[in-house]
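**Student:** I would like to see how this sequence folds:
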Amino acid sequence: MIGFIGIFAFLSSCKDKDYPQATPDTNTNLNVINATADTLNYYINGMRQNNASSLYPGGSTYYLNPITGAQNYSFKKNGSAVVLFNTTYTLDTGKNVNYSIFIGGESNAKTFLTVDNLNQANQVVAADASNTTGALRFVHAAPGMGALNVVVNKGDTINLTNCSFKYVSPFMLVKDTVNEVKVYQTGSSTPIVDTTFTFQSDVIYTLFAKGVVNGSGNAAFSVVLLNTGTVNQ
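**Tutor:** Below you'll find the predicted structure:
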């Protein structure tokens, strides 16, 4: 009887014990980008991560330290308790890796994880002797748009063709001045975006596509420029 009571007490104490929660890995960084038309919040294992502010359309969290390993991610519209979708992402631990999640729509199929090779961006800029350039990559995060062509400065700087949804380019040099950016649906000679962006030297940028051709408001097709870091000198 005494032995039984002792075992019961041990099991009870284990049941009531508060085990430590998983903590963020300071050697890993995650940037979550909202390429949808709605303001969103995201959660890891049911706990909201973007506590400072909600993710507005075209916005991002910038790089935060996430919980690494295989974790459950869920996404909700701001102000709603309804989970749009759940998925699992596995982030490496302790390897100084930078990741981004691009939310292109309200499903797993329209959302994807990228590894952000910022070292490659550093190398591209370091190899340029002019000291007048930054690094730019293009990400296609607009499901349903089909393949896209992206031209910067009439193609003498950047000329990407047949970029399908979820395409992620390497980092490329971009001049530290006002640059014209045109985006075409592959096979068309009429740009669906014709705009300019001002870039700075030694800055790492992500240009991403979002929306649909005939959309309006936040759902309209556009390209968004994000400053994602500075080059290590």
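**Student:** residues in contact with stretch 79-86?
**Tutor:** With Cβ atoms under 8 Å, 6 or more residues apart in numbering as the contact definition, stretch 79-86 has outside contacts at 40, 72-77, 106-108, 111. In short, each C-beta sits where N, CA and C put it, glycine included.
**Student:** quick check: end-to-end length of it?
**Tutor:** Here the two ends of stretch 79-86 are set 18 Å apart, with distance taken as Cα to Cα, to the nearest Å.
**Student:** buried set for it?
**Tutor:** For stretch 79-86, a neighbour-count test (16 or more other Cβ atoms under 10 Å) marks 84-85 as buried.
**Student:** so what's residue 184 up against?
**Tutor:** 148-151, 190-192.
**Student:** quick one: which of those is most hemmed in?
**Tutor:** When neighbours are counted by other Cβ atoms under 10 Å, residue 148 leads the contacts of residue 184 with 25 neighbours.
**Student:** and the pLDDT at that residue?
**Tutor:** Residue 148 carries a pLDDT value of 98.
**Student:** only whichever of the contacts of stretch 79-86 are buried, select them in PyMOL.
**Tutor:** To isolate the buried members of these in PyMOL, using 16+ other Cβ under 10 Å:
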select buried, resi 40+73+74+75+76+77+106+111
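**Student:** mind putting the contacts of stretch 79-86 in JSON lines, pLDDT, secondary structure and distance to residue 34 included?
**Tutor:** JSON lines is the format used below for the contacts of stretch 79-86 (pLDDT from 0 to 100; DSSP: H, G, I helix; E, B strand; the rest coil; distance: Cβ to Cβ, whole Å):
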{"residue": "40", "pLDDT": "98", "secondary structure": "strand", "distance to residue 34": "5"}
{"residue": "72", "pLDDT": "97", "secondary structure": "strand", "distance to residue 34": "19"}
{"residue": "73", "pLDDT": "97", "secondary structure": "strand", "distance to residue 34": "14"}
{"residue": "74", "pLDDT": "98", "secondary structure": "strand", "distance to residue 34": "14"}
{"residue": "75", "pLDDT": "98", "secondary structure": "strand", "distance to residue 34": "9"}
{"residue": "76", "pLDDT": "98", "secondary structure": "strand", "distance to residue 34": "12"}
{"residue": "77", "pLDDT": "97", "secondary structure": "strand", "distance to residue 34": "11"}
{"residue": "106", "pLDDT": "93", "secondary structure": "coil", "distance to residue 34": "12"}
{"residue": "107", "pLDDT": "96", "secondary structure": "coil", "distance to residue 34": "14"}
{"residue": "108", "pLDDT": "95", "secondary structure": "helix", "distance to residue 34": "16"}
{"residue": "111", "pLDDT": "98", "secondary structure": "strand", "distance to residue 34": "10"}
